[in-house]
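Asks: The sequence isn't on hand, but the structure is:
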(Lines give C-alpha, C1' and ligand atoms only; values in the text may rest on other atoms or scores of the structure.)
Protein backbone atom coordinates (compact mmCIF):
# COMPACT_ATOMS: atom_id res chain seq x y z
CA UNK A 1 0.00 0.00 0.00
CA UNK A 2 2.97 2.33 0.36
CA UNK A 3 2.98 2.77 -3.39
CA UNK A 4 -0.60 4.10 -3.29
CA UNK A 5 -0.45 6.29 -0.17
CA UNK A 6 -1.42 9.32 -2.27
CA UNK A 7 -4.88 7.82 -2.96
CA UNK A 8 -7.86 8.52 -0.77
CA UNK A 9 -9.87 5.65 0.76
CA UNK A 10 -12.79 6.22 -1.61
CA UNK A 11 -10.53 5.88 -4.66
CA UNK A 12 -9.03 2.65 -3.29
CA UNK A 13 -12.47 1.16 -2.55
CA UNK A 14 -13.76 2.18 -5.97
CA UNK A 15 -10.83 0.48 -7.73
CA UNK A 16 -11.22 -2.72 -5.68
CA UNK A 17 -14.97 -2.79 -6.28
CA UNK A 18 -14.40 -2.47 -10.04
CA UNK A 19 -11.96 -5.39 -9.90
CA UNK A 20 -14.47 -7.53 -7.99
CA UNK A 21 -17.24 -6.59 -10.44
CA UNK A 22 -15.00 -7.54 -13.36
CA UNK A 23 -14.38 -11.05 -12.06
CA UNK A 24 -18.05 -11.54 -11.15
CA UNK A 25 -19.07 -10.58 -14.69
CA UNK A 26 -17.84 -13.88 -16.14
CA UNK A 27 -20.32 -16.70 -16.70
CA UNK A 28 -17.87 -19.40 -17.83
CA UNK A 29 -14.18 -20.14 -18.23
CA UNK A 30 -13.95 -18.47 -21.64
CA UNK A 31 -15.16 -15.18 -20.19
CA UNK A 32 -12.89 -15.56 -17.15
CA UNK A 33 -9.92 -16.02 -19.47
CA UNK A 34 -10.96 -13.01 -21.56
CA UNK A 35 -11.23 -10.82 -18.46
CA UNK A 36 -7.94 -12.05 -16.98
CA UNK A 37 -6.06 -11.59 -20.25
CA UNK A 38 -7.61 -8.15 -20.75
CA UNK A 39 -6.81 -6.88 -17.25
CA UNK A 40 -3.58 -8.55 -16.17
CA UNK A 41 -0.15 -8.68 -17.73
CA UNK A 42 1.53 -12.04 -18.26
CA UNK A 43 3.78 -11.30 -15.30
CA UNK A 44 0.79 -10.62 -13.01
CA UNK A 45 -1.00 -13.77 -14.19
CA UNK A 46 2.10 -15.89 -13.53
CA UNK A 47 2.63 -14.37 -10.08
CA UNK A 48 -0.94 -15.12 -9.05
CA UNK A 49 -0.85 -18.64 -10.50
CA UNK A 50 2.45 -19.41 -8.77
CA UNK A 51 1.09 -18.16 -5.43
CA UNK A 52 -1.78 -20.61 -5.81
CA UNK A 53 0.69 -23.42 -6.62
CA UNK A 54 2.75 -22.54 -3.55
CA UNK A 55 -0.41 -22.61 -1.41
CA UNK A 56 -1.30 -26.05 -2.80
CA UNK A 57 2.16 -27.36 -1.96
CA UNK A 58 1.94 -25.90 1.56
CA UNK A 59 -1.51 -27.46 2.06
CA UNK A 60 -0.10 -30.81 0.96
CA UNK A 61 2.52 -30.63 3.69
CA UNK A 62 5.53 -30.10 1.43
CA UNK A 63 8.45 -28.40 3.18
CA UNK A 64 9.73 -24.91 2.40
CA UNK A 65 13.05 -26.14 1.01
CA UNK A 66 11.37 -28.60 -1.33
CA UNK A 67 8.86 -25.99 -2.55
CA UNK A 68 11.70 -23.56 -3.17
CA UNK A 69 13.63 -26.16 -5.15
CA UNK A 70 10.64 -27.51 -7.06
CA UNK A 71 9.01 -24.20 -8.06
CA UNK A 72 12.22 -22.14 -8.11
CA UNK A 73 10.86 -19.47 -5.76
CA UNK A 74 12.48 -17.73 -2.84
CA UNK A 75 11.81 -18.72 0.73
CA UNK A 76 10.52 -15.22 1.44
CA UNK A 77 7.80 -15.73 -1.19
CA UNK A 78 6.80 -19.03 0.41
CA UNK A 79 6.65 -17.44 3.87
CA UNK A 80 4.60 -14.57 2.40
CA UNK A 81 2.07 -17.04 0.97
CA UNK A 82 1.99 -18.89 4.32
CA UNK A 83 1.12 -15.64 6.08
CA UNK A 84 -1.59 -14.90 3.51
CA UNK A 85 -3.01 -18.39 4.04
CA UNK A 86 -3.05 -17.87 7.80
CA UNK A 87 -4.72 -14.47 7.47
CA UNK A 88 -7.31 -15.59 4.88
CA UNK A 89 -7.69 -19.38 4.91
CA UNK A 90 -11.07 -19.25 3.12
CA UNK A 91 -9.46 -17.78 0.00
CA UNK A 92 -7.38 -20.82 -0.81
CA UNK A 93 -10.12 -23.21 0.34
CA UNK A 94 -12.53 -21.60 -2.13
CA UNK A 95 -9.97 -21.85 -4.93
CA UNK A 96 -9.25 -25.51 -4.12
CA UNK A 97 -12.94 -26.44 -3.81
CA UNK A 98 -13.86 -24.76 -7.11
CA UNK A 99 -10.86 -26.36 -8.81
CA UNK A 100 -12.05 -29.79 -7.70
CA UNK A 101 -15.56 -29.12 -9.04
CA UNK A 102 -14.20 -27.92 -12.39
CA UNK A 103 -11.89 -30.93 -12.66
CA UNK A 104 -14.75 -33.34 -11.82
CA UNK A 105 -17.09 -31.84 -14.42
CA UNK A 106 -14.28 -31.78 -17.00
CA UNK A 107 -13.47 -35.47 -16.41
CA UNK A 108 -17.15 -36.39 -16.73
CA UNK A 109 -17.77 -34.47 -19.95
CA UNK A 110 -14.53 -34.64 -21.98
CA UNK A 111 -15.16 -38.20 -23.20
CA UNK A 112 -18.37 -40.02 -23.98
CA UNK A 113 -18.83 -43.78 -24.35
CA UNK A 114 -19.88 -44.75 -27.85
CA UNK A 115 -20.82 -48.07 -29.37
CA UNK A 116 -23.83 -50.25 -29.95
CA UNK A 117 -25.92 -51.77 -27.20
CA UNK A 118 -24.28 -55.18 -27.77
CA UNK A 119 -20.76 -53.77 -27.42
CA UNK A 120 -19.32 -54.71 -24.02
CA UNK A 121 -16.26 -52.44 -24.12
CA UNK A 122 -17.47 -49.14 -25.48
CA UNK A 123 -15.07 -46.68 -27.10
CA UNK A 124 -14.18 -43.39 -25.46
CA UNK A 125 -14.75 -40.53 -27.87
CA UNK A 126 -13.42 -37.03 -27.18
CA UNK A 127 -16.29 -34.53 -27.02
CA UNK A 128 -14.27 -31.34 -27.40
CA UNK A 129 -15.25 -30.18 -23.90
CA UNK A 130 -12.59 -27.97 -22.26
CA UNK A 131 -12.13 -26.71 -18.71
CA UNK A 132 -13.08 -23.29 -20.03
CA UNK A 133 -16.52 -24.65 -20.98
CA UNK A 134 -17.48 -25.33 -17.34
CA UNK A 135 -20.28 -22.96 -16.32
CA UNK A 136 -20.26 -20.98 -13.09
CA UNK A 137 -22.68 -22.15 -10.44
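Replies: Right, received. Where do you want to start? Note that the structure is a prediction, hence the values are computed from the model and not measured.
Asks: Now for residue 74, how many residues are close by?
Replies: Neighbours of residue 74 under the rule other Cβ atoms under 10 Å: 10. Every C-beta, even on glycine, is put in place using the N, C-alpha and C of the backbone.
Asks: wouldn't it be in contact with residue 68 here?
Replies: Yes - using Cβ atoms under 8 Å, residue 74 is in contact with residue 68, at 6.8 Å.
Asks: for this structure, what spans make up the helices?
Replies: With DSSP state H as the criterion, the chain has helices at 9-24, 29-39, 42-59, 64-71, 75-87, 89-109.
Asks: Could you list every helix and strand in contact with the fifth one?
Replies: It refers to helix 75-87. Applying 3 or more Cβ pairs under 8 Å, 6 or more residues apart in numbering; DSSP states H and E, we find helix 75-87 packed against helix 42-59, helix 64-71, helix 89-109.
Asks: Quick check: buried residues in the last one?
Replies: Neighbour-count burial for helix 89-109, with 16 or more other Cβ atoms under 10 Å as criterion, is recorded at 92, 102, 105, 106.
Asks: Can you convert these into TSV and add a column each for pLDDT and distance to residue 40?
Replies: Below are the buried residues of helix 89-109 laid out as TSV (pLDDT from 0 to 100; distance: Cβ to Cβ, whole Å):
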residue	pLDDT	distance to residue 40
92	90	19
102	83	20
105	84	25
106	81	23
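Asks: And those residues, which is closest to residue 49?
Replies: Top of the list for closeness to residue 49, among these and by Cβ to Cβ, is residue 92 at 13.1 Å.
Asks: Skipping adjacent residues, who's closest to the closest one in space?
Replies: residue 55 (4.6 Å; Cβ to Cβ, 6 or more residues apart in numbering).
Asks: which residues does the one you found contact?
Replies: Counting by Cβ atoms under 8 Å, 6 or more residues apart in numbering, residue 55 touches 81, 84, 85, 92, 95.
Asks: circling back: can I get the helices of the chain in CSV including distance to residue 128?
Replies: CSV is the format used below for the helices of the chain (distance: least, Cβ to Cβ, whole Å):
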stretch, distance to residue 128
helix 9-24, 26
helix 29-39, 13
helix 42-59, 25
helix 64-71, 32
helix 75-87, 36
helix 89-109, 10
